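Colleague: all I have is the shape, not the residue letters:
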């Protein structure tokens, strides 16, 4: 047997070789259980079996990618870049996004004729600019050991966040960093159309946050019930604005179409980077003194002790 930190071949194993190989070909047993198995899109060549119940099962019977010695570095690189990509069509978010547009546009504060003009214009803008668009969100899981009393610690980088002072470390299971942007639209047209383009973009960002919350809560509750916080973001909930640079630097923003400018801002302008916490217990937020909050004068869900029902 030849053994080192990158290669191990156990020819005494009753299953050796567990995949068909050419005579004389080196076979690496180091990754006996493929570390890429849980990734639907991996560097190997798996096939998929559809079960009677409609479930999709990954079949790696004809894949020897993890057993090829020269693929060691490729596998380690893929594991280090373990970001999840989620793609959402605007059509999937339309109903909730339209509610947000209506709330933000104040239809109820104008006469009926004006309200009808606003509604007609907003729907027209959606059909013309957003209907066929989609959004890509990049997610990265973070360990609970990155989360401390009053701050996050990512290697040598520290991000203060006063909200964390209100949480017991015992209920925190981990979290996720996310980065994305609203559909990027060339704002041409009338002033009213430009207004609704921005209104739809803002509404889609709100919908993305709602979608991610529910998506992660389902994802983390497969084995046991878990709860996901609302989004933390630079400039909100006691997290300094300059945390944008640190958080964005931890992600591969190119996957989501987001870039960090030299001035430390996200591009396109309608972009988001933030964090969700995964917890073993639900929490009633009663936070009324977020030092760095730059939210609207109406406050936010945290300020009002918002709880999802």
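Modeller: Thanks, I have it. As the structure is a computational prediction, the values presented were derived from the model and not from experiment.
Colleague: the stretch 101-250 of the chain: strands as residue ranges?
Modeller: Along the stretch 101-250 of the chain, counting by DSSP state E, counting those that start in this stretch, strands occupy 134-143, 147-148, 151-154, 157-160, 172-181, 227-228.
Colleague: of those, which approaches residue 9 most closely?
Modeller: Proximity to residue 9, assessed across the strands of the stretch 101-250 of the chain by CB to CB, is greatest for strand 134-143 (32.1 Å). Backbone N, C-alpha and C define where each C-beta goes, glycine included.
Colleague: how about that closest one: buried residues?
Modeller: Using 16 or more other CB atoms under 10 Å as the test for burial, strand 134-143 gives 135, 137, 138, 139, 140, 142.
Colleague: may I see these arranged in JSON lines, with pLDDT and distance to residue 258 as well?
Modeller: JSON lines is the format used below for the buried residues of strand 134-143 (pLDDT from 0 to 100; distance: CB to CB, whole Å):
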{"residue": "135", "pLDDT": "94", "distance to residue 258": "11"}
{"residue": "137", "pLDDT": "94", "distance to residue 258": "10"}
{"residue": "138", "pLDDT": "92", "distance to residue 258": "8"}
{"residue": "139", "pLDDT": "91", "distance to residue 258": "13"}
{"residue": "140", "pLDDT": "89", "distance to residue 258": "13"}
{"residue": "142", "pLDDT": "88", "distance to residue 258": "18"}
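Colleague: got CSV for the strands of the stretch 101-250 of the chain, with distance to residue 31 too?
Modeller: Shown next, in CSV, are these (distance: least, CB to CB, whole Å):
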stretch, distance to residue 31
strand 134-143, 21
strand 147-148, 30
strand 151-154, 27
strand 157-160, 31
strand 172-181, 24
strand 227-228, 32
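Colleague: right, and these - which one's nearest residue 47?
Modeller: Residue 47 lies closest to strand 134-143 among the strands of the stretch 101-250 of the chain, at 25.5 Å (CB to CB).
Colleague: ok, residues contacting the closest one?
Modeller: Residues from elsewhere that reach strand 134-143 (CB atoms under 8 Å, 6 or more residues apart in numbering): 82-90, 154, 174-183, 204, 208, 212, 216, 250-253, 255-257, 275.
Colleague: neighbouring strands for it, and are they parallel or not?
Modeller: Applying DSSP bridges, strand 134-143 is found paired with strand 83-89 (antiparallel), strand 172-181 (antiparallel).
Colleague: where among those strands is the average confidence lowest?
Modeller: Lowest mean pLDDT within the strands paired with strand 134-143: strand 83-89, a mean of 86.
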